[in-house]
Structure formats: structure tokens, C-alpha cells
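Novice: sequence and predicted model, in that order:
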Amino acid sequence: MTDTAPDHFQLEDTRITRRYFGKFEKIIGHLGRVAATLEAEKRLSKRDVEVMTRYIVSLNYTFKALAHKYHFSGRFAHAGKLTFDRVDSGFPVYSELLSMANDAAQAGRHLQGMRSVEALKQDMVRVILNEQSIPTKLQYALSQRLYYEELSKGDLFWARNDPQAAWLGNTAPLRREFMVHWAVYDSQINLPTIYMMELEDSGKVGLPKDDRRWPEVQAHLMAQSLGGLKLLTIAKGFDEDFDDLHPKRLRRFHVGPMYSHAFTRQAGPLREVLEVARSPVGEDWALVWTEEELVSETTLTEKSGWFGTVERETFALDPFAGRGAETGATKVERSIILPQRPYQALEERKPAGFDDVRKFVVSPTGSVLSYK
């Protein structure tokens, strides 16, 4: 590994790079099952899970594309090296997704100048049989072909995943209810972050069909999608900027950080737990999953101009020990997802601060057990 910044490292060895992507393939594969478990526990609705699953699948496509891109790191001079955040997140750095988006914009041009997958495979067979050597250059060319093919398919998790709106029904005449969801790869913490907002629309035209408000709403939400901003700040700013849109519930899901004794260097009890667990390859990890939620408590009517009035939301904050003012949320729930062996080490050590953390324990067969 090469140090490129205080917290960023490059993976230079082919074997280690493939282990890194193999680890995330397993982790992301478990996220859908965790979402299904949350639905069974009535902590997420069916619609919530549908939205969450869409972003999880997109995240899987992103890692699949990056795995193709860096498949030959360390074995071929021009293969490049993945840079990831080793201290704060365990995920690839934000610039990797920006570079991937630029490649996606030119994927068609690249694919036109490349031979097909079948042609490359046939050439590889000829080199192996006739020259009795490893066709490294052809293997690299194939990995890049597969990378651009993956990009051309679309539906990846990008640095910005613009808001989409789903109609939930009408609560009254000219009072429509929508869920607006969007996601970002947070540049400050190098983590995928998913947002869901449930709002009431009292405008004359439904929000997604309103050519005036919908572009403004999308731009506003994307500009406020920063991990450093509290949900209360985001919701109040939205409420004040759009008089006929009334945010009733705002949630933010942080996917990560990922801890691994082999790859990351975070401080804290989880690092110690993984060190003690001495898990085999593929099971040396723990993923933190955090949900923040802000709910409207009451609606007040304020004067607007000489004769008009507007509705403003008053949001409920966490009443326990004054934490609401600190977190800017009605509640914050933290969970960790981890294999059986690290979970056993966690239970044996019982580090402080984990009593109220939900644990999702995944088995090699794919089953998920939930513990509090």
C-alpha cells in the first residue's frame, strides 16, 4: 500500500486489490438482507426497502465496475491503483467516483475502439497455446473492456444521484404527499449517504410535473446534502425556501464506515474486536449503518406579506439528555453488520457504548440475525 495523503492509501498488489473488492462484494450482498430484516421488524416500510434496495444495487454495480478497472493493479504498468480512505471510511475516495463518471461519459467511444470480449478471449487462447506465455496485456485489455461495458449499462451509484419523487397519495384536495429520495457519495467522509424526505405539496401542480419548482427543489437538496449539516438545518432551510412544500419527515442513512483489521486503521473498540477475532479472509470486517430521523411535530401558520399566510413546520428533537439540540434529529439509531466470529469477539469483550447498538450478524449461508 502507498500513502498518498494522511488518510488515503493506494492498493498496489493485485491479490490485495481483489481481496478488497471481494470483501465489499460480500458486504453489499448482505445489505439487501439487512434491509429486508428491518422491514420484517417494521422499522422500514415496503417502499423504504424498495428505495434502499435500488441504491444498494447501484452501489454494487459501482464496486463491480471499479473491480474491473483495477483488476490488474500491480501486474500491469498502466493498470492504475485504487485509492481508498483507510482511516475514516474504508471506502474508495470521492475522486474515484468522479473519475468513473468521466469515464462513463466517454464509454461509448472507448468501446468502439476495442475488440469484443470473444475476440480478446480467442487471442488469449492463441497466446497461451502458441507462445506458452501468460497473455497479460490481453487480460488487461479484457478487464478494461468489461469496465466500460459496466459503465455503459448505467444505474451505478454516482457521486451525485439526483432526487426522484414518488407519489404516496392525497391527504386532502390539492394536498399531495410525496417521498423524495436522493443519494450522494459524501466528499467529506467518503461514504455513500441516502436521503428520504416525505413531504406534503399544496401547490397547484404536482411537484414532479412542476417545471418551475422541481428543478429548484432538486438543486436545493443536492446543495444541502453534506454529512456535516444536521437534518434540522436541511429541513428548516427547505421549509423556509418553499412555501407550498411541507417536509414532514426527513431521514439520512450513512452506509459505513467499513472496519477491517487487514485494510483499515480506524481507532476505537471495533478495531480491537476485529484484531482479537482473528477472522479468516472474507470475514474480517464490520460495517456501521446509521439512520438519522427528523419528524415534524406541529405545523404553525405565519403571516406572509400584507395579507397572506404560510405554513411552517416545528420539528421534534430527541428529548433525552438534550441530545436533540446536539444531533439535530428526532432520533439516531446506530447498527453494525458483521460476520459471526467478530460478533462473538464483540460479545466477549463487551466494549462500552455498544449496548444500544443493533447488531446484524450474517452467516456464510446468507442468513441474518438481529440482536440488540
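Specialist: That came through, no problem.
Novice: list the buried residues in stretch 187-202.
Specialist: 189-201 (16 or more other Cβ atoms under 10 Å). C-betas here are computed from N, CA, C, even on glycine.
Novice: lowest-confidence entry in the residues you listed?
Specialist: Among these, Ile189 carries the weakest pLDDT, at 90.
Novice: got the buried residues for the lengthiest helix in the chain?
Specialist: In the chain, assigned by DSSP state H, the helix with the most residues is helix 14-40. Under the neighbour-count criterion of 16+ other Cβ under 10 Å, helix 14-40 has 14, 17-21, 23-24, 27-28, 30-32, 34-35, 37-39 buried.
Novice: out of the buried residues of stretch 187-202, who's nearest Tyr147?
Specialist: Pro192 (20.0 Å; Cβ to Cβ).
Novice: please name the bridge partners of the closest one.
Specialist: Counting by DSSP bridges, Pro192 is bridged to Tyr185.
Novice: is it true that it touches Leu59?
Specialist: Yes. Counting by Cβ atoms under 8 Å, Leu59 is a contact partner of Pro192 at 5.7 Å.
Novice: quick check: neighbours shared by the two?
Specialist: Common contacts of Pro192 and Leu59 (Cβ atoms under 8 Å, 6 or more residues apart in numbering): 157, 255.
Novice: before we move on, back to that, name the next helix or strand downstream of the longest helix of the chain, please.
Specialist: Using DSSP states H and E, the next helix or strand after helix 14-40 towards the C-terminus is helix 46-69.
Novice: quick one: low-confidence ranges for the protein?
Specialist: 1-6, 304-308, 319-325 (pLDDT under 70).
Novice: quick one: the helices in it?
Specialist: Under DSSP H, the chain gives helices at 14-40, 46-69, 94-105, 107-112, 117-126, 136-153, 213-223, 231-241, 269-277, 323-327, 340-349.
Novice: same list, those, but as a markdown table with distance to Ala286 please.
Specialist: Shown next, in a markdown table, are the helices of the chain (distance: least, Cβ to Cβ, whole Å):
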| stretch | distance to Ala286 |
| --- | --- |
| helix 14-40 | 9 |
| helix 46-69 | 18 |
| helix 94-105 | 22 |
| helix 107-112 | 35 |
| helix 117-126 | 37 |
| helix 136-153 | 28 |
| helix 213-223 | 30 |
| helix 231-241 | 25 |
| helix 269-277 | 5 |
| helix 323-327 | 23 |
| helix 340-349 | 6 |
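Novice: and of the buried residues of stretch 187-202, the nearest to Glu293?
Specialist: Using Cβ to Cβ, Met196 comes nearest to Glu293 of the buried residues of stretch 187-202, at 9.4 Å.
Novice: circling back: just so I know, which of the helices of the chain lies nearest Glu177?
Specialist: Using Cβ to Cβ, the nearest of the helices of the chain to Glu177 is helix 46-69, at 11.6 Å.
Novice: quick check: angle from the closest one to helix 136-153?
Specialist: 150 degrees (axes from the mean of the first three to the mean of the last three Cα atoms, to 10 degrees).
Novice: please begin residue numbering at 58 from this point
Specialist: All right, first residue 58 from here; so that's helix 103-126.
Novice: buried stuff in helix 103-126?
Specialist: So helix 103-126, judged by 16+ other Cβ under 10 Å, has buried residues 105-106, 108-109, 111-126.
Novice: still on that earlier bit, what is the nearest of the buried residues of stretch 244-259 to Thr358?
Specialist: The nearest one, if we look at the buried residues of stretch 244-259 relative to Thr358 and count by Cβ to Cβ, is Glu257, at 14.3 Å.
Novice: ok, that closest one touching Leu225?
Specialist: No. Using Cβ under 8 Å, Glu257 is not in contact with Leu225; the gap is 9.5 Å.
Novice: which residues are in contact with each of those two?
Specialist: Glu234.
Novice: got the contact list for Gly86?
Specialist: Here Gly86 is in contact with 117, 423 (Cβ under 8 Å, 6+ apart).
Novice: that one and His303, how far apart?
Specialist: Gly86 is 38 Å from His303, where distance means Cβ to Cβ, to the nearest Å.
Novice: same check, this time on Glu359
Specialist: Glu359 is 13 Å from His303, where distance means Cβ to Cβ.
Novice: now do the shared contacts for these two.
Specialist: Glu368.
Novice: okay, those two: which has more neighbours?
Specialist: Higher neighbour count among Glu359 and His303: His303, with 21 against 10, using other Cβ atoms under 10 Å.
Novice: run through the bridge partners of that one.
Specialist: Glu257.
Novice: just to revisit the earlier point, what angle do the longest helix of the chain and helix 103-126 make?
Specialist: 170 degrees.
Novice: from the chain's centroid, how far away is helix 71-97?
Specialist: Going by Cα atoms, centre = their mean, to the nearest Å, the spacing between the C-alpha centre of helix 71-97 and its chain's C-alpha centre is 12 Å.
Novice: and the residue nearest to Arg233 when sequence neighbours are not counted, how close does it get to Gly226?
Specialist: Closest residue to Arg233 apart from its sequence neighbours, by Cβ to Cβ, 6 or more residues apart in numbering: Asp258 at 4.5 Å. Using Cβ to Cβ, Asp258 is found at 11 Å from Gly226.
Novice: hey, what's in contact with both of these two?
Specialist: 233-234.
Novice: I figured Ser130 hits Leu68, correct?
Specialist: Yes. Between Ser130 and Leu68 there is a contact under Cβ under 8 Å: 6.1 Å.
Novice: the more surrounded of these two?
Specialist: Neighbour totals were compared for Ser130 and Leu68, and Leu68 leads with 24 against 21 (other Cβ under 10 Å).
Novice: bridging across strands, which residues link to the more buried one?
Specialist: Under the criterion used (DSSP bridges), Leu68 bridges to Leu139.
Novice: alright, calling it a day.
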